[in-house]
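Undergrad: Sequence and predicted structure below; questions after.
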Amino acid sequence: MAERPWGFWTESKLDMLSAYLPAFTTASKKAPSTVYLDLFAGQAKNVSRDTGRPIQGSLLRALQTKPPFTVVRGFELQHKRAQSLQEAFRAEFPNRDVAVHAGDVHGALPSALAALAAYRSSPTFAFIDPDGVEARWELLETLAAHKAPQSTKVELFLLLTSPQIVRVVNNSLDPHDLEHAKKKITELFGSTEWQPILDGRQSGMLDAERTRDELTNLMRWRLEKTLGYRFTHTLRLTNVSGAPLYGMIFATDHPVGDKIMKSVYQKAAERFPEMRREARARRRDRKELESGFNPLFTHAELAQDAPLGAHESYQHAPPVPPYGQTVPDPGSLLPTRVECRDGTGCGASPSTGTR
């Protein structure tokens, strides 16, 4: 199977996973068992498009976690790839309880969890890493409902491609395709609460950055208010040019998980600008070599010697009511009009209310 080239942002995402998983299993060491679920497994091994170094996939990182997970389950749409992963992991980890389910994860997850009924009280972590907007809300509902009563819910580490959502739903589509696109985004959030955000963007009330923030906030809000998670975090990852690609959302019921992921996000936020700078330098070097220019020092070497600028920092803030949402007024049968964070009325009609 050909190695897939990944950008530094993917490496950063997986490094966060690698930083959190051993902390998760260490914090759970008093539990008799632990479970790892990888809902969009992909390939086991890939390569950095900037350095050429190998990058291990998420399932392989989970299997290498110390202390080890008791149970590891992956889900892969492509049957041949799922079979290849299954064979490779069982050969490399012959004494581990590892299985890779083939097919659409939305159909495979309920039965896979039913087979893990004996582990319903076990600390469980789920990595949800789709390529785009394929992960429907029903996956999160299924995971949140899996654990036994009185247990903390399955911890979630979820990729949300908020910039892609606006591209998926656009007015250039014909009516049939537009309705299909809207259905897809409604399935992603499990609600039509995303629609006022898109309306705000199309009307000019929201700029691109605010739109992305509102979509991410909506997902966090629903994780907390609809599914009942106590804590959520988000960290935006960007490409080599600084353009936003997606946000990594973490959800947990446990204060220890909340504390650990804050630290993981903070370190990732500090490291990320340096990774982006190194990637830019290596790409400049490649362009110069392709043009025949051979400098005394490469951009990558100069980047390593350059002093670091001010680190980006991660500041946690809880989600707020979604854009355009009505908030009931206890003293009235009518919804209370709540201002947007920029002081405007969000551009929503009286029938939908405003935030």
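TA: Cool, got the structure. Numbering: from 1, shown residues only.
Undergrad: List the contacts of stretch 204-219.
TA: Among residues not part of stretch 204-219, those counted as contacts by Cβ atoms under 8 Å, 6 or more residues apart in numbering are 158, 160, 162-163, 165-166, 189, 193-194, 197-198, 200-201, 234, 236, 244, 247, 249, 319-320, 322-323, 340, 342, 344, 346-347. Yep, even glycine has a C-beta here, placed from its N, CA and C like the rest.
Undergrad: Tell me the buried residues in that stretch?
TA: Within stretch 204-219, the residues that count as buried by 16 or more other Cβ atoms under 10 Å are 205-206, 210-219.
Undergrad: Kindly supply the ChimeraX command isolating those of the contacts of stretch 204-219 that are buried.
TA: Command for ChimeraX that selects the buried part of these, burial taken from 16+ other Cβ under 10 Å:
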select :158,160,162,163,165,166,189,193,194,197,198,200,201,234,236,244,247,249,319,322,323,340,346,347
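Undergrad: Restricted to strands, list the contacts of stretch 204-219.
TA: Applying DSSP state E to these, the entries found in strands are 158, 160, 234, 236, 244, 247, 249.
Undergrad: out of the contacts of stretch 204-219, which are inside helices?
TA: When DSSP state H defines the helices, the subset of those inside them is 162-163, 165-166, 189, 197-198, 200-201.
Undergrad: hmm, back to that, let's have the ones in strands among the contacts of stretch 204-219 in JSON lines, adding distance to Ala88 and pLDDT.
TA: Formatted as JSON lines, the entries for these read as follows, by distance: Cβ to Cβ, whole Å; pLDDT from 0 to 100:
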{"residue": "Leu158", "distance to Ala88": "26", "pLDDT": "97"}
{"residue": "Leu160", "distance to Ala88": "30", "pLDDT": "95"}
{"residue": "Thr234", "distance to Ala88": "33", "pLDDT": "92"}
{"residue": "Arg236", "distance to Ala88": "33", "pLDDT": "86"}
{"residue": "Pro244", "distance to Ala88": "34", "pLDDT": "78"}
{"residue": "Gly247", "distance to Ala88": "31", "pLDDT": "90"}
{"residue": "Ile249", "distance to Ala88": "30", "pLDDT": "96"}
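Undergrad: CSV please, covering those residues and showing distance to Pro130.
TA: Formatted as CSV, those follow (distance: Cβ to Cβ, whole Å):
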residue, distance to Pro130
Leu158, 9
Leu160, 9
Thr234, 16
Arg236, 17
Pro244, 17
Gly247, 13
Ile249, 13
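Undergrad: Between all of these, which two are separated the most?
TA: The distance between the two most remote of the ones in strands among the contacts of stretch 204-219 (Cβ to Cβ) is 16.1 Å, for Leu158 and Pro244.
Undergrad: circling back: just the ones of the buried residues of stretch 204-219 in helices?
TA: For the buried residues of stretch 204-219, membership in helices holds for 210-219, with DSSP H as the criterion.
Undergrad: What ranges does the stretch 1-150 of the chain have for its strands?
TA: Assigned strands in the stretch 1-150 of the chain, in chain order: 5-6, 35-38, 45-48, 54-56, 71-76, 97-102, 124-128 (criterion: DSSP state E, counting those that start in this stretch).
Undergrad: Also the stretch 201-350 of the chain?
TA: Under the criterion DSSP E, counting those that start in this stretch, strands of the stretch 201-350 of the chain are mapped to 231-238, 244-252, 327-328, 335-336.
Undergrad: Highest mean neighbour count out of the ones you listed?
TA: Ranked by mean neighbour count under mean count of other Cβ atoms under 10 Å, those are led by strand 244-252, which reaches a mean of 23.
Undergrad: Each with direction, which strands does it pair with?
TA: Within its sheet, and counting by DSSP bridges, strand 244-252 is paired with strand 155-160 (antiparallel), strand 231-238 (antiparallel).
Undergrad: of those, which approaches Ile128 most closely?
TA: Closest approach to Ile128 among the strands paired with strand 244-252 (Cβ to Cβ): strand 155-160, 4.5 Å.
Undergrad: okay, that closest one in CSV with CA atoms only?
TA: The C-alpha coordinates for strand 155-160 follow below in CSV (Å, rounded to 0.1, in the frame of the first residue of the first chain):
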residue,chain,number,x,y,z
GLU,A,155,-13.9,10.6,25.7
LEU,A,156,-14.0,12.2,22.2
PHE,A,157,-11.2,13.6,20.1
LEU,A,158,-13.0,15.0,17.0
LEU,A,159,-11.8,16.7,13.8
LEU,A,160,-14.3,19.3,12.6
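Undergrad: Which of the helices and strands in the protein ranks last by mean pLDDT?
TA: Lowest mean confidence among the helices and strands of the chain (mean pLDDT, DSSP states H and E): strand 335-336, at a mean of 38.
Undergrad: Near Ala317, how many other residues are there?
TA: Ala317 sits with 9 neighbouring residues when counted by other Cβ atoms under 10 Å.
Undergrad: how about the CA coordinates for stretch 32-40, as PDB?
TA: Output of stretch 32-40 as PDB, limited to C-alpha atoms (Å, rounded to 0.1, in the frame of the first residue of the first chain):
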ATOM      1  CA  PRO A  32      -9.300  -3.400  35.100                       C
ATOM      2  CA  SER A  33      -9.500  -2.500  31.400                       C
ATOM      3  CA  THR A  34      -9.300   0.400  28.900                       C
ATOM      4  CA  VAL A  35     -10.700   0.700  25.300                       C
ATOM      5  CA  TYR A  36      -9.500   2.700  22.300                       C
ATOM      6  CA  LEU A  37     -11.800   3.300  19.300                       C
ATOM      7  CA  ASP A  38     -10.600   4.700  16.000                       C
ATOM      8  CA  LEU A  39     -13.600   5.500  13.800                       C
ATOM      9  CA  PHE A  40     -11.700   6.500  10.600                       C
END
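Undergrad: That's all I had, so thanks and see you.
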